[in-house]
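>>> Return atomic coordinates for the entry below.
(one chain, ligands or ions: 1)
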Amino acid sequence: MPFFHPKRKSNLPSPSPAPSSSSSSSLAGGGGAVLTPNRKSGIPNPNGGAAPNGRAPRMSKLGFHPSPVKPDNTNDAPITTLEAARRAPNDRGRSSCLTPERSFGNSAKGNCAAGVIDGGIAAKRSLDGSSPCVPSEKKKKKGIDDAMTDHDGRTLNRGPPPRELSSLSSSADAEEGVRVCVRIRPLSFENDVDDVRPRAYVLAAEENTIVRNSGDGGSAVEEDARYVFDRVYGESSTTLQLYDEVIADIVESVGRQGRNGTVFTYGQTSTGKTHTMHGILMAAGRDLFGMTMDDGKDKAPVAPFRSLTSVRISCMELYNEELRDLLCRATDATSSLPIQEDGRGGVQIPGLTERTVLDINELMDVVRIAEGNRTVGSTAMNERSSRSHTIYKIMYERREAMTAGVRSFDESAQGCASKEDKENDSTCDGGKSSRTSSQKVLTTVSNLNLVDLAGSESVRVTGATGERQKEGGKINQSLLTLSRVLLKLGKKDGGHVNYRDSKLTRILKPSLSGNARMGCICCISPDVKYVEESKSTLDFATRTMLVTTNAKSNIQVEYKDGLVEEFEREIERIKMETAKSEESRLRMEKALLENADEIVCLKANIELSIGRAESMERENKRIMMQLEELNLSSEKDRDGLLKEICDLKARNHELERTLIECESEKKMMMKHQEVDRGSFAQEPKQMKAEQTLMEEEANI
Ligand SMILES: Nc1ncnc2c1ncn2[C@@H]1O[C@H](COP(=O)(O)OP(=O)(O)OP(=O)(O)O)[C@@H](O)[C@H]1O
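The predicted model follows:
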């Protein structure tokens with residue numbers, strides 16, 4: 001079954017600007033919200049580092065800056081970096097690497113380095129010394145070969161011709177299809193160009209067709225294995241290419257026509273959705289700020305007018321069906337925000353933080369803060385997997401004051417945009433109206449919603465358990481609801497569309513139900529392991545192709561005498577405020593510089609103290625160890641002494657016994673002695689008697 005959907009508009013893009021629109025306070029419209037300060041995070045700055053002036057994003061009191069006046073001299077900086085990759089060959093700054101005939105053609109296989117937008121990969125590709133935007137001969141040839149053959153070198157069937165994307169030159173308020181493109185991420189980030197492993201899906205010769213790699217010779221690709229979208233981008237494509245061909249037009253109609261735009265990335269986990277969305281955020285921000293600068297240039301010759309443009313951003317995530325503000329303080333970050341329908345088809349999110357940003361650097365600073373607050377987790381497939389759907393809402397507001405009777409440039413180009421305008425404006429009725437009011441103000445608030453959906457995932461490949469598995473379940477559930485809603489919308493007569501089954505579809509309702517130009521980027525992996533997951537993404541993309549929207553231009557016209565003067569006074573006041581805040585910033589910078597020495601000194605002292613504390617801790621540990629050793633050895637000694645005492649006691653006991661025995665022996669001996677002494681005493685007497693007797697005998 002061919003998936004080409006024939007009912008879309010087909011005008012080539014035109015750079016001509018168009019009129020503006022009115023405000024609404026919803027995801028499809030404007031939205032009053034509280035301003036709160038914020039935290040830091042980690043996406044690369046468009047200049048590759050901190051903002052050149054080192055400033056944090058500012059919140060202007062009113063949020064407006066006069067568009068013809070540059071708020072400060074840093075405004076060009078980010079644009080310059082990005083423009084370097086784009087501006088060269090044509091003045092609209094569209095893909096600088098594309099030749100005119102390729103700009104809607106084979107560019108899908110291009111090797112253009114996208115400067116900061118595609119980061120590492122782009123930089124890697126330009127390392128061979130060739131100009132980053134001019135493919136080398138080898139690459140050019142490979143690009144052509146890729147277009148005609150699959151990865152095993154087999155020729156592929158041709159698909160239907162690409163449907164042409166409608167553009168700004170199409171009449172305002174026309175129905176158009178959601179712009180759908182598929183991007184295949186590189187198989188391996190280290191060596192993507194030369195990796196020759198077979199791919200699950202390959203690009204066909206047409207830039208809008210992708211086919212399953214059947215592996216059977218490739219010449220007879222089955223119809224159900226062939227998908228046709230608005231564009232298909234291969235592994236070596238860049239985000240900038242994709243942005244230029246599919247998204248830039250939507251962004252332009254947000255800035256120039258006051259229509260809402262919504263772009264979302266969809267796909268399996270780790271297929272490059274966040275990677276792609278960051279590039280889009282940067283490029284869209286640059287284009288929108290470019291338009292604020294253009295405002296004055298285009299109109300000055302046509303009408304006496306003044307215009308004020310402001311850009312605000314809010315960031316939110318939908319985690320486990322809870323809506324969180326990504327720009328509020330850490331303590332509040334976990335509280336869930338309510339979603340309220342405003343009864344006019346829009347959605348309100350009370351309490352959502354809005355930050356006014358004055359240039360692309362400030363915008364990306366805010367995005368970095370939001371990124372830092374996003375819920376990410378590590379899975380088997382992605383070390384930093386988004387565990388939530390993230391919505392970046394950029395509000396572009398423009399107020400124009402002009403003398404009635406003279407049309408603004410945009411009006412002249414497009415005619416009066418809205419019915420109210422026609423009714424109120426004498427310039428739109430061929431001069432029949434007798435209205436004589438001299439001044440009018442056109443106010444337009446249009447929103448660009450950039451939605452980075454969490455990746456669909458199967459436990460089989462992510463190996464998720466516990467909390468990760470629970471999150472995965474919620475993600476899949478909300479994506480399934482989105483898919484069902486798109487299916488119903490695509491069928492037209494599909495009956496009631498139930499947006500209420502998930503918060504994701506509730507938030508996206510204003511866009512899905514028609515009041516936004518929409519773009520959908522479906523990301524897939526070329527890995528054959530994930531062929532089923534990729535097929536499911538391609539089926540989703542196919543369903544999305546059938547959905548059409550009809551975005552209205554949001555414009556409000558007010559008439560008031562003396563308004564231009566009032567407007568001019570306001571511009572002056574804002575200019576003064578801007579100058580004052582610039583002055584105080586400079587003062588603070590100076591004070592910071594003056595305190596720098598002291599800070600260095602304090603730092604050194606702190607480091608010294610930390611060193612001392614560490615050595616004291618080491619000493620403490622050493623003493624503790626010695627004490628322990630001593631305790632151990634004294635315990636040993638005590639045991640030995642106790643044993644010795646026991647031995648001595650036993651010995652003592654033995655000696656006492658021996659003593660007693662000795663005593664008794666002694667007594668016995670003494671007794672014997674006494675007896676002996678008695679007999680001894682008798683003996684001398686007897687001897688003496690005997691002697692006396694003998695002497696007597698002798699004398700006789
Ligand atoms: N086209 C690409 N070129 C270079 N690197 C890429 C590309 N696509 C993805 N990557 C890298 O692949 C990794 C995963 O990409 P990313 O986080 O954007 O995927 P994801 O689809 O958003 O994943 P998840 O749904 O899990 O959040 C990142 O390191 C990213 O930089």
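
>>> burial measure for the closest residue to the ligand within the stretch 501-650 of the chain, as a count.
Of all residues in the stretch 501-650 of the chain, the one sitting closest to the ligand is Cys523 (5.7 Å; C-beta to the nearest ligand atom). Where C-beta positions appear, they are placed from N, C-alpha and C, glycine not excepted. Cys523 has 28 neighbours, counted by other C-beta atoms under 10 Å.

>>> looking at it, it is touching Phe540, isn't it?
No. If you go by C-beta atoms under 8 Å, Cys523 and Phe540 don't touch, sitting 11.0 Å apart.

>>> if I look at these two, which residues touch both of them?
Common neighbours of Cys523 and Phe540 (criterion: C-beta atoms under 8 Å, 6 or more residues apart in numbering): Tyr266.

>>> and the stretch 401-550 of the chain, which residues reach the ligand?
Residues of the stretch 401-550 of the chain found near the ligand (C-beta under 6 Å from any ligand atom) are 454-455, 523.

>>> now what about the helix or strand encompassing Leu538, what contacts it?
Assigning secondary structure by DSSP states H and E places Leu538 in helix 531-545. Contacts to helix 531-545, defined as C-beta under 8 Å, 6+ apart, come from residues 3, 5, 177-178, 180, 182, 200-201, 210, 212, 227, 229-230, 266-268, 271, 456, 458, 461, 483, 486-487, 490, 520, 522-525.

>>> In strands, which of these fall?
Counting by DSSP state E, the part of the contacts of helix 531-545 found in strands is 177, 180, 182, 201, 210, 212, 227, 266-267, 520, 522-524.

>>> Farthest-apart pair in those residues, please.
Farthest apart among the ones in strands among the contacts of helix 531-545 by C-beta to C-beta are Gly177 and Arg212. That separation is 23.9 Å.

>>> and stretch 227-241 with the ligand, contact?
No. Residues of stretch 227-241 contacting the ligand under C-beta under 6 Å from any ligand atom: none, with a closest distance of 7.2 Å.

>>> And the one helix or strand Leu363 maps to, what does it pack against?
Taking DSSP H and E as the criterion, Leu363 maps to helix 360-373. Judged by 3 or more C-beta pairs under 8 Å, 6 or more residues apart in numbering; DSSP states H and E, helix 360-373 is in contact with helix 76-86, helix 273-299, strand 305-319, strand 355-357, strand 389-403.

>>> what about burial for the contacts of helix 531-545, which qualify?
Buried by 16 or more other C-beta atoms under 10 Å: 3, 5, 177-178, 180, 182, 200-201, 210, 212, 227, 229-230, 266-268, 271, 456, 461, 483, 486-487, 490, 520, 522-525, out of the contacts of helix 531-545.

>>> Please list the residues of this structure that sit near the ligand.
121, 185-186, 189, 267, 269-275, 382, 384-386, 454-455, 523.

>>> Using CSV, lay out the residues of the stretch 401-550 of the chain next to the ligand together with distance to Leu240 and pLDDT.
CSV is the format used below for those (distance: C-beta to C-beta, whole Å; pLDDT from 0 to 100):
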residue, distance to Leu240, pLDDT
Ala454, 24, 89
Gly455, 23, 86
Cys523, 16, 96
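
>>> okay, these in JSON lines with distance to Asn595 next?
Below are these laid out as JSON lines (distance: C-beta to C-beta, whole Å):
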{"residue": "Ala454", "distance to Asn595": "44"}
{"residue": "Gly455", "distance to Asn595": "47"}
{"residue": "Cys523", "distance to Asn595": "48"}
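
>>> hey, which helix is longest across this structure?
helix 596-699 (DSSP state H).

>>> Report the rounded mean pLDDT for that helix.
Regarding helix 596-699, the rounded mean pLDDT is 85.

>>> and the end-to-end length of stretch 347-356?
Taking C-alpha to C-alpha, to the nearest Å, stretch 347-356 runs 20 Å from one end to the other.

>>> which parts of it are buried?
For stretch 347-356, the neighbour count (16+ other C-beta under 10 Å) marks 347-349, 352-356 as buried.

>>> same question, stretch 596-609
For stretch 596-609, using 16+ other C-beta under 10 Å, no residue counts as buried.

>>> Domain map for this structure?
Per automatic domain parsing, the domain ranges recorded for the chain read 104-561, 595-700.

>>> burial measure for Arg259, as a count.
A count of neighbours around Arg259, defined by other C-beta under 10 Å, yields 31.

>>> Also Arg484?
For Arg484, the neighbour count with other C-beta under 10 Å is 17.

>>> what's the pLDDT at it?
89.

>>> pLDDT-wise, which helix or strand of this structure ranks last?
helix 119-125 (a mean of 29; mean pLDDT, DSSP states H and E).

>>> which stretches of the stretch 51-200 of the chain have low pLDDT?
Per-residue confidence for the stretch 51-200 of the chain (pLDDT under 70) gives these ranges: 51-173, 189-195.

>>> let's see it at 90
Across the stretch 51-200 of the chain, the ranges flagged by pLDDT under 90 are 51-176, 186-200.
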